[in-house]
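Visitor: sharing a model prediction with you, sequence too.
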Amino acid sequence: MQMAIFDLDGTVINSDHRKATKPDGSLDLEHWFENNKPEKIALDGLFPLIYEMREIYDSGVCVIICTARTLQKADYEYFARNNIPFDYVISRARGDMTPDGELKKAKIAALLQRVQVDAENVEMWDDNESVITAISEIGVKCHDAKKYNKNYRHRA
């Protein structure tokens, strides 16, 4: 089985209008949670990598969303309105403040073990350097979504 794993924010979804960083450059999670409201989610945009995600999904590869968001009804409505395809979702539990890299590494490693998929059959796209490093440590090839979105040319 082949899998493609996509982060959301900074990868396929542009939610920069809801994001703030601390003086050290890390994400201000409290600000994020305060701005994680349905009316603000509705204003999110899409990055070009969404085209790749859709093509991979349409080819029959299992597509997984792996986000550090705590998902709510408004997120799933946004996915449906914007044709964001997926087979499974991995997300942050409410109240979990685990750093993104650790969170995603643990959840993806557990998933691969549970479904018995070898890491070499999995690719991931994420914009967070700590996630890219952590995921690479478990043998999954993790692409820098910022580079993809900067250089992506959709095949019409």
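Guide: Nice, thanks for sending it over.
Visitor: contacts for the helix-or-strand element of the chain with minimal mean pLDDT?
Guide: Among the helices and strands of the chain, helix 29-34 carries the lowest confidence by mean pLDDT, DSSP states H and E, at a mean of 72. Residues outside helix 29-34 that contact it (CB atoms under 8 Å, 6 or more residues apart in numbering) are Arg18, Lys19, Ala20, Thr70, Met97. Bear in mind the C-beta positions are built from the backbone N, C-alpha and C, glycine included.
Visitor: what stretches of the chain score poorly on pLDDT?
Guide: 20-22, 24-27, 32, 153-156 (pLDDT under 70).
Visitor: so how far is the lengthiest helix in the chain off the chain centroid?
Guide: The longest helix of the chain (DSSP state H) is helix 100-115. For helix 100-115, the distance from its own C-alpha centre to the chain's C-alpha centre is 13 Å (CA atoms, centre = their mean, to the nearest Å).
Visitor: now it: buried residues?
Guide: Neighbour-count burial for helix 100-115, with 16 or more other CB atoms under 10 Å as criterion, is recorded at Asp100, Gly101, Leu103, Lys104, Lys105, Lys107, Ile108, Ala109, Leu111, Leu112.
Visitor: that helix - contacts with which helices or strands?
Guide: Where contact means 3 or more CB pairs under 8 Å, 6 or more residues apart in numbering; DSSP states H and E, helix 100-115 is packed against strand 62-66, strand 88-90, strand 122-126, helix 129-136.
Visitor: same thing but at 10 Å, please
Guide: If you count contacts as 3 or more CB pairs under 10 Å, 6 or more residues apart in numbering; DSSP states H and E, helix 100-115 packs onto strand 3-6, strand 62-66, strand 88-90, strand 122-126, helix 129-136.
Visitor: would a markdown table of those with mean neighbour count and distance to Glu52 be doable?
Guide: Converted to a markdown table, the helices and strands packed on helix 100-115 look like this (neighbours: other CB atoms under 10 Å; distance: least, CB to CB, whole Å):
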| stretch | mean neighbour count | distance to Glu52 |
| --- | --- | --- |
| strand 3-6 | 23 | 9 |
| strand 62-66 | 21 | 10 |
| strand 88-90 | 15 | 18 |
| strand 122-126 | 24 | 8 |
| helix 129-136 | 19 | 17 |
